[in-house]
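A.B. asks: Sequence first, predicted coordinates after that:
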Amino acid sequence: MDAAEFRKRGKEMVDYVADYLEKIDKRQVFPDVEPGYLRPLIPDCAPQDPESFEDVFKDIEKIIMPGVTHWHSPYFFAYFPSASSFPALLADILCGGIGCVGFSWAASPACTELETVMLDWLGKMINLPEEFLAGKDGQGGGVIQGSASEATLISLLAARTKTIRRVQSENPELTEADIMGRLVAYASDQAHSSVERAALIGGVKIKNVSSDDKFTVCGSALKKVLDEDKASGLIPFFFCATLGTTPCCSFDRLLELGPICNKENIWMHIDAAYAGSAFICPEFRHLLNGVEFADSFNFNPHKWLLVNFDCSAMWVKKRSDLIGAFKLEPLYLQHHHQERSQQCNVNMWCKFLHNFLTRVYHLKGACPYHLPYLILFLEWVMLICVCCGLTPPAGKHHTAACSPSALPLWDGGENQGNEACGLR
Ligand SMILES: *Cc1c(COP(=O)(O)O)cnc(C)c1O
């Protein structure tokens, strides 16, 4: 394909995607296919001879679309919302076109710098404390991760390194293995499974902290397990608080938990993967109070902020904690701006789309975007409850769109919940 054909095919693809999204409500949300549907429809191995673009294109409707779950359908109510928008799609084209790999500042300066500046913008949009921003010479800053799971894993690993160094400096006779065996991480019994997985990958113990009748972890619950574990010789080092839990969107009490973590030298990470976007609205910002005690914070613009998958925004108070845990500088990546670029060298892929999006939708646009959504959501929850004979959830939680009866179940069930409510 040369540039002339790319222009032609590119325009066709844009039309195809625009048509797809404009008429997505006409498609059945969950496909009528059985596991293994795809393999018989395509050849066993890649073709020896080239095929025409037209033929490949035809297969989208013939082979792929029949097996697609349409996450952007207005009738999709499973899991969680996944964001997308036209400016984000355009920005992805630009990213693909530039196609740079931003593993260091020198590998593409705009890549690293734009990411840092855009995460400052986003941090200011949710009113994160100054310490989390990179600014011109701040100690903190933001970095884009692929997923919230990665953000939790990275913060747990950084906390692990930091704790091992501290304990070793106080007790030089202890080996790294001695300390590793005693480290313990904590999260709510409502926390996302990715927290437990981070501990599995990090090779450390993890314990659940019991939540109360509002599914919230409060300070006394954490204090109780910490005291027990310290008495039995364990070293508590990491606590993952959740703002907007997966089962019911409950919020852990940061203002009680934060001071305990700070006092006990425990790294507090906040997983706000789902609910974080709502903090842009002044009405919901109070739910983030206490973030000033955290070491790291994360939310997913790809869930609720118009950015298509994958884009998870993570901030740390001290960039040096991450750099200290993961820094490797092989000779072939060194360059003569090494020192000066450390300031913004986050070694991560930059998505230009942040800039696109925040400029196109701007701050004033983001609040009205969220509020009607929330109202709609609450109405939807009530409707599901009434139709399915369930008790409406307690409290004022502003989501978690995941009632099993509304899920298109993978075990062969149909969209019963949606059908029962006449929503399909
Ligand atoms: C969705 C979600 C996650 C997982 O997010 P990924 O980006 O898919 O890893 C983690 N925690 C919470 C609270 C979530 O809502």
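C.D. replies: Arrived safely.
A.B. asks: what does the stretch 101-250 of the chain put close to the ligand?
C.D. replies: Within the stretch 101-250 of the chain, the positions lying close to the ligand (Cβ under 6 Å from any ligand atom) are Ser147, Ala148, Ser149, His192, Ser194, Thr242, Gly244, Thr245, Thr246. Using the backbone N, CA and C atoms, a C-beta is placed for each residue, glycine as well.
A.B. asks: Is it correct that the second one is in contact with Ala275?
C.D. replies: No. With contacts defined as Cβ atoms under 8 Å, Ala148 does not count as touching Ala275, sitting 11.3 Å away.
A.B. asks: what is in contact with those two at once?
C.D. replies: Common neighbours of Ala148 and Ala275 (criterion: Cβ atoms under 8 Å, 6 or more residues apart in numbering): Phe299.
A.B. asks: Make a markdown table from the residues of the stretch 101-250 of the chain next to the ligand and add neighbour count, pLDDT and secondary structure to it.
C.D. replies: Formatted as a markdown table, those follow (neighbours: other Cβ atoms under 10 Å; pLDDT from 0 to 100; DSSP: H, G, I helix; E, B strand; the rest coil):
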| residue | neighbour count | pLDDT | secondary structure |
| --- | --- | --- | --- |
| Ser147 | 17 | 91 | coil |
| Ala148 | 25 | 94 | helix |
| Ser149 | 20 | 95 | helix |
| His192 | 22 | 95 | coil |
| Ser194 | 19 | 95 | helix |
| Thr242 | 27 | 97 | strand |
| Gly244 | 28 | 92 | coil |
| Thr245 | 25 | 92 | coil |
| Thr246 | 19 | 88 | coil |
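A.B. asks: For Met125, state which of these is nearest.
C.D. replies: Nearest to Met125 out of those is Gly244 (Cβ to Cβ; 17.0 Å).
A.B. asks: State the pLDDT value of the closest residue to Ala272 other than its chain neighbours.
C.D. replies: Excluding its sequence neighbours, the residue lying closest to Ala272 (Cβ to Cβ, 6 or more residues apart in numbering) is Leu243, at 3.9 Å. What the model reports as pLDDT for Leu243 is 96.
A.B. asks: Leu243: neighbour count?
C.D. replies: By the criterion of other Cβ atoms under 10 Å, Leu243 has 26 neighbours.
A.B. asks: what do you get for Ala185?
C.D. replies: By the measure other Cβ under 10 Å, the count of residues near Ala185 is 25.
A.B. asks: So it, which state does it fall into?
C.D. replies: Under the three-state scheme (DSSP: H, G, I helix; E, B strand; the rest coil), Ala185 adopts strand.
A.B. asks: which stretch of helix or strand covers Leu153?
C.D. replies: Assigned by DSSP states H and E, Leu153 belongs to helix 148-170.
A.B. asks: circling back to that earlier point, among the residues of the stretch 101-250 of the chain next to the ligand, which pair sits farthest apart?
C.D. replies: Distance extremes for these: the farthest pair is Ser147 and Thr245 at 16.8 Å, using Cβ to Cβ.
A.B. asks: for the helix holding Leu153, packing partners?
C.D. replies: Applying 3 or more Cβ pairs under 8 Å, 6 or more residues apart in numbering; DSSP states H and E, we find helix 148-170 packed against helix 176-182, strand 183-188, helix 193-202, strand 235-242, strand 267-271, strand 296-299, strand 312-316, helix 319-326.
A.B. asks: go again using 6 Å as the cut-off
C.D. replies: helix 176-182, helix 193-202, strand 235-242, strand 267-271, strand 296-299, strand 312-316, helix 319-326 (3 or more Cβ pairs under 6 Å, 6 or more residues apart in numbering; DSSP states H and E).
A.B. asks: and the longest one with strand 267-271, angle?
C.D. replies: Angular relation of helix 193-202 and strand 267-271 on a 0 to 180 degree scale: 140 degrees, by axes from the mean of the first three to the mean of the last three Cα atoms, to 10 degrees.
A.B. asks: tilt between helix 193-202 and strand 235-242?
C.D. replies: On the basis of the same axes, to 10 degrees, helix 193-202 is oriented at 150 degrees to strand 235-242.
A.B. asks: just the fourth one next, same as before
C.D. replies: Comparing the axes of strand 267-271 and strand 235-242 via the same axes, to 10 degrees yields an angle of 20 degrees.
A.B. asks: CA atoms only: put strand 267-271 into PDB for me.
C.D. replies: Extracted in PDB, the C-alpha atoms of strand 267-271 (Å, rounded to 0.1, in the frame of the first residue of the first chain):
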ATOM      1  CA  TRP A 267       2.900   3.200  51.200                       C
ATOM      2  CA  MET A 268      -0.700   4.200  50.500                       C
ATOM      3  CA  HIS A 269      -1.800   3.700  46.900                       C
ATOM      4  CA  ILE A 270      -5.200   4.800  45.800                       C
ATOM      5  CA  ASP A 271      -7.000   2.800  43.200                       C
END
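A.B. asks: In terms of helix, strand or coil, where does the residue of the chain positioned farthest from its centre fall?
C.D. replies: Computed with Cα atoms, centre = their mean, the residue of the chain farthest from its C-alpha average is Asp49, at 40.8 Å. Following three-state DSSP, the label given to Asp49 is coil.
A.B. asks: Tell me the confidence at it?
C.D. replies: Listed pLDDT for Asp49 reads 91.
A.B. asks: List the contacts of it.
C.D. replies: Asp49 makes no contacts at all, as judged by Cβ atoms under 6 Å, 6 or more residues apart in numbering.
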